[in-house]
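[1] test case, fold it:
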Amino acid sequence: MAASKRCFCLAALTFIFPFLAAAQQKAPAAPVAQPQSAPDSLQSSSDHPGTYTYQVNARMVVLDVVVTDSRGHIVDNLAAKDFQVYQDKALQTIHSFDVHRTLAQSAVIPIHSTAELDKLEPDAPVSILVLDELNTKFVDEAFTRYSLKKYLDAQSETLEQPTMLVAVNFEHFMVLRDYTTSKSEILAALDHHLAENPWKADTNAFQTDQFNGSFASLLRVAQATAGHPGHKNLIWVGTGFPSIDPTALMSSVAEALKAAIETCTNMLRDSRITLFTIDPAGLAVSAPTQDDFGFDNQDPFGGQFDFNTMAIATGGKAFFGRNDVDKLIGTSIDAGANFYTLAYVPSDNDDATAFHHIRVVMNDPSLTASTREGYYAHAPPIPPAANEAGKSSDRLIFDLATASNSMLVYDAVPFTIARDPVHPDSFDMQVKPSDIPWDDTDPQTLTADIAWVVETFDKKGKMLNHQAKMVEAQSKAQSAGSPPPIRGLTLHVDIPTAPPVARVRFIIRMNRTGKIGAQNIFLVDPATLSDPTSGQAPQHKKY
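    Take a look at the predicted model:
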C-alpha cells in the first residue's frame, strides 16, 4: 500500500476505539451517563484475575512456551532445567514450571458451548479458528474451506480440545459455532455458512474497513475470552490487513496507532492468546522469524506494522507461501495443546522501559522456543466511561457496539439471567460478589461503575428494542468503623419479548476494568434464524 493510501486509511483513527467499521450495523445508543442508585441487592467484592493472567501491576510474568526440534516437531518431554529466560537481556529465575500435553481421546470431556467450557473445563486450552472474509480473495476463501474440511476429515469425531469457528467480513463478526469438541458440529456450521466476496473496488474506505475490521476483531476476541484462564490459540486463516509504515502517518495518527497496538498486545497477553496467521494465497514470500527483531529491548512494533508482526509478537507464527493449509491448521492447533508454562519475577522491573523484551533460550541449541516477545510496562489506561458533561467515551461506545453486533458469548464478567415466569418481559441479571471490581479508595463506601445493555432482535437480525443504563453502584458500611458488606449485584430490566422477538442480547460492562459479559437468550430454535450475525443459512432452506 502506498504511503498516501496508508495515511488516508488511518486518518479516521484519531483513536482506535470509536465505533469502527468492523461493527457495520447501527451502533446501539450509549448508556445514559447519569449515575443511578444501586439496587438493594447490590453486593461487593474484589476483582479476581484468572489463573495464568499477567496483570501490568503484578510482579509475576507468566509465559506459554512451545518448543520444536530442527524438523519443526513439537517437543513435550522437557524440564525447567532445559530453559533459560531473559528479560531485557537479564537472566531470570524460573519460579514455576508446568507441562501441558494433549489428552487422550478417552479423557476428553464433551463441550458444546462457552458456558460448558467455563464450567467443565475452566483451564483447558482451546482453539479459535477465524475465516478471514474481509481481506482474502474469494478463490482463497474457497481453498480455506476445502483445507479446513480436509483437516477435520482426518480427525476423530471427538476433537482433542474445544474449538470455536468464527468468520469475519465487512459487516459482521460471526460465531459460526461456539466452543465444541464435536467435529461434526464444526463441519455442519461450515456447510451452512455462505462466504462473502470481499473484493470491492480498491477505495480508501475499503482499505479503512480492512484495517479496522481486522484489528477490532482481535480486540473483540481478547475481550470476549478473557474470563477463560486456559491458553487460547487464535488461528487466523486469511491475508490479514495490509502493512502500515507509521513513519508515513501524521504524528497524531501514528500516536493513536501506537496506543492501540499497545492496548491490543496487552489485552491478547492478559487473555492468554497466541495468534497464528495462515495465508492461503500461496504468496512467494517468507514470514519474518522471531530472531529478525533482534534482542536489544526494541519494541517489535517500532518499525513497520502488519498482521504477521502481531502474530510473532504474541508467540505465534505467520505462515506464507505454502499450499498445505490443512497441515498448517493442524500445526497451529497442536502448538496450543502441547506447551510449557513458565513463570518468573523480573529481577529488574524498570518501568522506565516502555517495552520489556522477553526471550526463552534452550540449553539444547537444536531446539527452538516460541513465546511472546514481551510486554508493555505502561499500557494506555482505560478511559472513564463518560466525561463531566455526560458524553460516553469512545472506548465505551466501541466496547458496547462490538459486544452488541455479534452473538459471541463474553465470559470476562460471568452473570446469570433469571426470567420471571409470571412476567416473561421481566429479567434479572445477577453478578456474583467475586466478579465486581470495586473501587475501595474510601474504605467506608465501595463504588462500582457499571454499564449494561439489553436488546431484542427478530429472526432476520433486525433490532426491535434497546435499553441501556449506566449504574454507579455503592456499598456502604452499616456502622461507623465497619467494612462494607460483601453482597452481589442484581440488574433488573423490563423489555418486550412477544413475537416477532427471536433473541435477547444481554451485555454488562465493568467500567473500571473494561471487562465485559455478554449472553443470548433464544426464544426460537437458533437453527431457524436468518440473522446475519450468526453467519448461518437457516437449516430449513436448501442451497
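
[2] what's opposite the nearest residue to residue 317 once chain neighbours are set aside in the beta bridge?
    Leaving aside its chain neighbours, residue 317 sits nearest to residue 276 (5.6 Å; criterion: CB to CB, 6 or more residues apart in numbering). Where you see a C-beta, it was placed from the backbone N, CA and C, and this is true even at glycine. Listed beta-bridge partners, residue 276: residue 235 (assigned using DSSP bridges).

[3] give the contact list for residue 276.
    With contact taken as CB atoms under 8 Å, 6 or more residues apart in numbering, residue 276 is in contact with 233, 234, 235, 236, 311, 316, 317, 318, 319, 332, 335.

[4] how about low-confidence regions in this structure?
    Low-confidence segments of the chain (pLDDT under 70): 1-58, 103-106, 198-206, 283-304, 349-353, 379, 539-543.

[5] and the helices in it?
    In the chain, helices defined by DSSP state H lie at 3-11, 114-120, 138-153, 183-191, 204-224, 251-270, 307-313, 325-335, 394-404, listed in chain order.

[6] looking at the contacts of residue 276, spot the one nearest residue 181.
    residue 233 (15.1 Å; CB to CB).

[7] pretty sure the closest one sits against residue 124.
    No - using CB atoms under 8 Å, residue 233 makes no contact with residue 124, being 12.0 Å away.

[8] who has more neighbours out of these two?
    The neighbour count for residue 233 versus residue 124, taken as other CB atoms under 10 Å, is higher for residue 233 (28 against 22).

[9] and that one, what does it touch?
    Going by CB under 8 Å, 6+ apart, residue 233 touches 125, 126, 127, 128, 273, 274, 276, 316, 332, 333, 335, 336.

[10] residue 126 versus that one, what's the distance?
    Residue 233 sits 7 Å away from residue 126, going by CB to CB, to the nearest Å.

[11] find residues that contact each of the two.
    With CB under 8 Å, 6+ apart as the test, residue 233 and residue 126 both reach residue 336.

[12] what's the end-to-end length of stretch 468-486?
    26 Å (CA to CA, to the nearest Å).

[13] next: stretch 125-137.
    31 Å.

[14] sorry, back to before: may I ask which of the contacts of residue 276 has the most neighbours?
    Using other CB under 10 Å as the neighbour test, the contacts of residue 276 are led by residue 236, with 30 neighbours.

[15] for that one, give its distance to residue 501.
    Distance from residue 236 to residue 501, counting by CB to CB: 34 Å.

[16] do residue 453 as well
    Using CB to CB, residue 453 is found at 16 Å from residue 501.

[17] more neighbours: which of those two?
    residue 453 (23 against 19).

[18] these two touch, right, that one and residue 504?
    No - here residue 453 does not reach residue 504: they are 11.1 Å apart, not a contact under CB under 8 Å.

[19] give the residues shared as contacts by these two.
    In contact with both residue 453 and residue 504: no residue, using CB under 8 Å, 6+ apart.

[20] got the phi and psi for the residue lying farthest from the centre of the chain?
    Distance from the centre of the chain peaks at residue 480, with 43.3 Å (CA atoms, centre = their mean). When read as degrees, to the nearest 10, the backbone of residue 480 gives phi -60, psi 130.

[21] could you list every residue that touches it?
    Shown in contact with residue 480 (CB under 8 Å, 6+ apart): no residues.

[22] quick check: it vs residue 444, distance?
    Separation of residue 480 from residue 444 (CB to CB): 8 Å.

[23] identify each buried residue in stretch 271-282, please.
    Residues 271, 272, 273, 274, 275, 276, 277, 278, 279, 280, 281 are the ones in stretch 271-282 that count as buried (16 or more other CB atoms under 10 Å).

[24] just checking, the fifth one touches residue 319?
    No - between residue 275 and residue 319 there is no contact, the gap being 11.8 Å when judged by CB under 8 Å.

[25] run through the bridge partners of residue 355.
    Assessed by DSSP bridges, residue 355 has beta-bridge partners residue 376.

[26] let me redo that: residue 475
    The partner list for residue 475 in beta bridges (DSSP bridges) reads residue 446.

[27] what's the neighbour count on it?
    Neighbours of residue 475 (other CB under 10 Å): 25.

[28] got it, and residue 390?
    With other CB under 10 Å as criterion, residue 390 counts 11.

[29] ok, now the one 5 residues further on?
    Applying the criterion other CB under 10 Å, we find 20 residues in the vicinity of residue 395.

[30] hang on, it packs against residue 383?
    Yes - using CB under 8 Å as the test, residue 395 is close enough to residue 383 to be in contact (5.1 Å).

[31] number of nearby residues for residue 510?
    By the measure other CB under 10 Å, the count of residues near residue 510 is 23.

[32] got the contact list for it?
    47, 413, 435, 436, 437, 448, 449, 450, 516.

[33] where's the third one relative to residue 119, distance?
    Spelled out, that is residue 435. 15 Å.

[34] which one of the two is surrounded by more residues?
    Between residue 435 and residue 119, counted using other CB under 10 Å, the more crowded position is residue 435 (21 against 11).

[35] state the distance from that one to residue 191.
    When residue 435 is compared with residue 191 (using CB to CB), they lie 37 Å apart.

[36] and for residue 176?
    10 Å.

[37] which of the two has more neighbours?
    Taking neighbours as other CB under 10 Å, residue 176 and residue 191 compare with residue 176 leading, 21 against 13.

[38] wait, that one touches residue 165, no?
    Yes - contact criterion CB under 8 Å: residue 176 and residue 165 qualify, at 4.4 Å.

[39] which non-adjacent residue is nearest residue 531?
    Spatial nearest neighbour of residue 531, excluding adjacent residues (CB to CB, 6+ apart): residue 461 at 3.5 Å.

[40] if we can go back for a sec, can you tell me which of the buried residues of stretch 271-282 lies nearest to residue 530?
    Nearest to residue 530 among the buried residues of stretch 271-282: residue 280, at 28.0 Å, using CB to CB.

[41] residues contacting that closest one?
    Neighbouring residues of residue 280 by CB under 8 Å, 6+ apart: 136, 140, 141, 143, 144, 147, 237, 238, 325.

[42] and if we set it to 6 Å?
    Going by CB atoms under 6 Å, 6 or more residues apart in numbering, residue 280 touches 140, 143, 144, 325.

[43] list buried residues within those residues.
    With burial judged by 16+ other CB under 10 Å, the buried subset of the contacts of residue 280 is 140, 143, 144, 325.
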